[in-house]
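>>> Below are the sequence and a predicted model for it; my questions follow.
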Amino acid sequence: GAGVSQSPSNKVTEKGKDVELRCDPISGHTALYWYRQSLGQGLEFLIYFQGNSAPDKSGLPSDRFSAERTGGSVSTLTIQRTQQEDSAVYLCASSSGTGAYNEQFFGPGTRLTVL
Amino acid sequence: GNSVTQMEGPVTLSEEAFLTINCTYTATGYPSLFWYVQYPGEGLQLLLKATKADDKGSNKGFEATYRKETTSFHLEKGSVQVSDSAVYFCALRGDNYGQNFVFGPGTRLSVLP
């Protein structure tokens, strides 16, 4: 597709369950980002992949959160033992190249609800 | 580290009013600056950008000028419409290899008819 896609669009889960969120970036984009947006809040940076470099995990809120990016393309964000405070919209974005002028393109997000 | 500060909202205006949303930044070197917009129920999309000092980004009647002397990138529009109601995010990306994006907290704008 032409844009960043994410799946599922909505996910409802029970507290304590694990969830996986998927992001397909724009083809050829070397940078991929995950953010979290809680209701009425700004963007909270989670993790950043740039090419083959080690990811910047500085934004992950706890060790229950992890992400991987296979083959430099698709990424999966995993949340283990979900808690109610994990409920939010999880946004993925990708960017081409490493130049400062390269903007991010955002996916539609996955709305996660933890009951 | 790099940071972005923008005016707290919400901002409520009447249709055809003049809009300014302030944004200032802290960064080393020569970052690029962006404004993103999030309309109700939609994802974030790029509104405009500027990649060097004194550049003016513009789109849909919105403008912002990259002012290095004041480290600012204020968003302006001369006459807002109801359809401009959204959340606006100021962001920067540093000029070092692999630099991450830094976003401001967002400013919610409501335009009343």
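Cool, the structure landed.
>>> all contacts plus neighbour counts: C-alpha atoms, from now on.
Fine.
>>> Tell me if the strand or helix carrying residue B:48 is near chain A.
Under the criterion of DSSP states H and E, residue B:48 resides in strand B:44-50. Yes. Residues of strand B:44-50 are located near chain A by C-alpha under 8 Å from any C-alpha of the partner chain, namely B:44-46, B:50.
>>> Adjacent strands (with direction) for that strand?
Sheet pairing of strand B:44-50 (DSSP bridges) gives strand B:32-38 (antiparallel).
>>> how about the residues of chain B near chain A?
Going by C-alpha under 8 Å from any C-alpha, the residues of chain B near chain A are B:31-32, B:34, B:42-46, B:50-51, B:93-100, B:103-106.
>>> can you list contacts of the lowest-mean-pLDDT helix or strand in chain B?
Ranked by mean pLDDT, DSSP states H and E, the weakest helix or strand in chain B is strand B:101-103, scoring a mean of 86. With contacts defined as C-alpha atoms under 8 Å, 6 or more residues apart in numbering or on different chains, strand B:101-103 is touched by A:43, B:2-4, B:89-94.
>>> Those residues: which two are farthest apart?
By the measure C-alpha to C-alpha, A:43 and B:94 form the most distant pair in the contacts of strand B:101-103, at 17.8 Å.
>>> still on that earlier bit, select only the buried ones of the residues of chain B next to chain A in PyMOL?
The PyMOL selection below is limited to those of those classed as buried (16 or more other C-alpha atoms under 10 Å in any protein chain shown):
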select buried, chain B and resi 31+32+34+44+45+46+50+51+93+94+95+98+99+100+103+104+105+106
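>>> Can you tell me the centre-most residue of chain A?
residue A:34 (3.1 Å; C-alpha atoms, centre = their mean).
>>> can you pull the contacts of that one?
A:45-48, A:90-93 are the contacts of residue A:34 under C-alpha under 8 Å, 6+ apart.
>>> Next step: these restricted to strands.
Using DSSP state E, A:45-48, A:90-93 are the members of the contacts of residue A:34 that sit in strands.
>>> which among the residues you listed are in contact with chain B?
Among the ones in strands among the contacts of residue A:34, chain B is touched by residue A:48 when using C-alpha under 8 Å from any C-alpha.
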